[in-house]
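**Student:** Requesting a structural model of the entry that follows:
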Amino acid sequence: MEQPMYYGDYLQLGRILDAQRPVSFEKGNEPAHDEMLFIVIHQAYELWFKQILFELDYVMGVFGQEKINDNSEDLNLVRHRLNRIIQIIQLLNQQVNILDTMTPLDFLEFRNLLTPSSGFQSKQFRLLEARLGLQLEKRHHQAYYKRTNEGGFTQTDYESITATEAQKSLLQLVNDWLERMPFFTTSYWKDYQSVAPCGIPQHVFWNDYRHIYQAGLTERERNKLADFDYVFFEEIPAGYSPEQLYLLRSNFSPAALRSALFIMLYRDFPMFQTSYQILDALIEIDHLMSNWRHKHLVMVRRMIGMRVGTGNTSGAGYLEGALNKHYVYRDLSGLSTYLIERKKLPKLPDELIRNLGFMH
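**Tutor:** Predicted coordinates:
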């Protein structure tokens, strides 16, 4: 007779609760009480990383489709999954507060027993970053990430991470999705009444929008017009360094950013609400990941000061560099620079409104 389902068996609690093996408790070592907390916290992190990757699999599956039906449940579920990821990362940030109940002296009781392992070797966190869109060449101290020596990854994990980095990331899939947006098809704008003199050889909407944006800039903001032209039309301003251009736009194409800005501007239309909330969720995930890195940096400085990390990284110095550099969706968050007042938005033509499903 088949045994009824039992709570502990269903959750595999025997395996999970037997997976905490403090090294300091092994024969010949002095037991360090806080090592149990250290292990439980990091195992909990890895379980939540697994859930985030599971949610990202779904989201990337939707954006990987050649065509996404905006009237289907797909985008709504994408929004829901991304919001779940946001809640998980918020929880991960809170878990740092629990780890902070361990003092530096408590940590020193078992720290040397961990060498050369470190959180740097979290395969799942590397996969998470790669799937979100953090590219190897844009990482701080990128050489750290391609090590299979002491303190680096095992060969198997190295190959798995490398394979993931070679695939399209969520950022690239979202870029493709935005580029496919049909907002600026000529037939939708044939009856549009322009309100600005011809200024740029671009779409009539963007000519008007650029004119309105320029009129709203203060004297100290005049250089933002050159930024606008580069971000959305790739017109390189005179005297800008490669570093300046990179900070203005690095990951998304001008066409994708035009669509993203358009969605942000007209988010009050029902058709755009889900798309806007998806873009906003990606920005929030990026910010929360930055918050996590900052909390980690503060914690490491508190625990070991400026000592070398157990995985042979530069410790707090490495974490500070990663905090400043590892933004994925900076291009999207930067679009707020180019917003105008809602009351000054150009009126959309009726043909566009009808074809995008705002009216029936």
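**Student:** Any idea how far apart the tips of stretch 231-251 sit?
**Tutor:** Terminal residues of stretch 231-251 are spaced 11 Å apart (C-alpha to C-alpha, to the nearest Å).
**Student:** How about the residue nearest the centre of the chain: what's its closest non-neighbour residue?
**Tutor:** Closest to where the C-alpha atoms of the chain average out (C-alpha atoms, centre = their mean) is Asp286, at 3.8 Å. Nearest residue to Asp286 in three dimensions, chain neighbours excluded: Tyr329, at 4.2 Å (C-beta to C-beta, 6 or more residues apart in numbering). Glycine gets a C-beta too; all of them are placed from N, C-alpha and C.
**Student:** Scan the helices and strands of this structure for the one with the lowest mean pLDDT.
**Tutor:** Lowest on mean pLDDT, DSSP states H and E among the helices and strands of the chain sits helix 316-325, with a mean of 62.
**Student:** what distance separates the helix or strand just after that one from the centre of its chain?
**Tutor:** With elements assigned by DSSP states H and E, the helix or strand that comes after helix 316-325 is helix 330-333. Relative to its chain's centre, helix 330-333 lies at 10 Å (C-alpha atoms, centre = their mean, to the nearest Å).
**Student:** Show me what helix 330-333 is packed against.
**Tutor:** helix 270-304 (3 or more C-beta pairs under 8 Å, 6 or more residues apart in numbering; DSSP states H and E).
**Student:** And the helix it packs on, what's buried?
**Tutor:** 271-272, 274-286, 288-293, 295-297, 299-300, 303-304 (16 or more other C-beta atoms under 10 Å).
**Student:** now swap in stretch 79-89 and tell me
**Tutor:** Under 16+ other C-beta under 10 Å, the buried positions of stretch 79-89 are 79, 81-83, 85-86, 88-89.
**Student:** Among those residues, which are located in helices?
**Tutor:** Counting by DSSP state H, the buried residues of stretch 79-89 place 79, 81-83, 85-86, 88-89 in helices.
**Student:** Wait, Gln124 touches Trp48, no?
**Tutor:** No: judged on C-beta atoms under 8 Å, Gln124 makes no contact with Trp48 at a distance of 9.3 Å.
**Student:** Mind listing residues that contact stretch 185-194?
**Tutor:** When contacts are defined by C-beta atoms under 8 Å, 6 or more residues apart in numbering, stretch 185-194 is touched by residues 182, 203-205, 207-208, 349-352, 355.
**Student:** End to end on that stretch, go ahead and measure it.
**Tutor:** Start-to-end span of stretch 185-194 (C-alpha to C-alpha) is 16 Å.
**Student:** Stretch 259-272 now?
**Tutor:** Start to finish, the residues bounding stretch 259-272 are 11 Å apart (C-alpha to C-alpha).
**Student:** to the chain's geometric centre, what's the distance from the strand or helix carrying Asp176?
**Tutor:** Using DSSP H and E, Asp176 sits within helix 170-179. Here helix 170-179 is found 13 Å from its chain centre; the criterion is C-alpha atoms, centre = their mean.
**Student:** ditto for stretch 253-264
**Tutor:** For stretch 253-264, the distance to the chain centre is 17 Å (C-alpha atoms, centre = their mean).
**Student:** I'd like the mean pLDDT over that stretch, please.
**Tutor:** Mean pLDDT, stretch 253-264: 97.
**Student:** tell me which residues in it are buried?
**Tutor:** 254-264.
**Student:** and what of stretch 52-68?
**Tutor:** For stretch 52-68, a neighbour-count test (16+ other C-beta under 10 Å) marks 52-53, 55-56, 59-60, 62-63, 68 as buried.
**Student:** Also stretch 151-170?
**Tutor:** Buried residues in stretch 151-170, counting neighbours by 16+ other C-beta under 10 Å, are found at 151-153, 157-158, 161, 164-165, 169-170.
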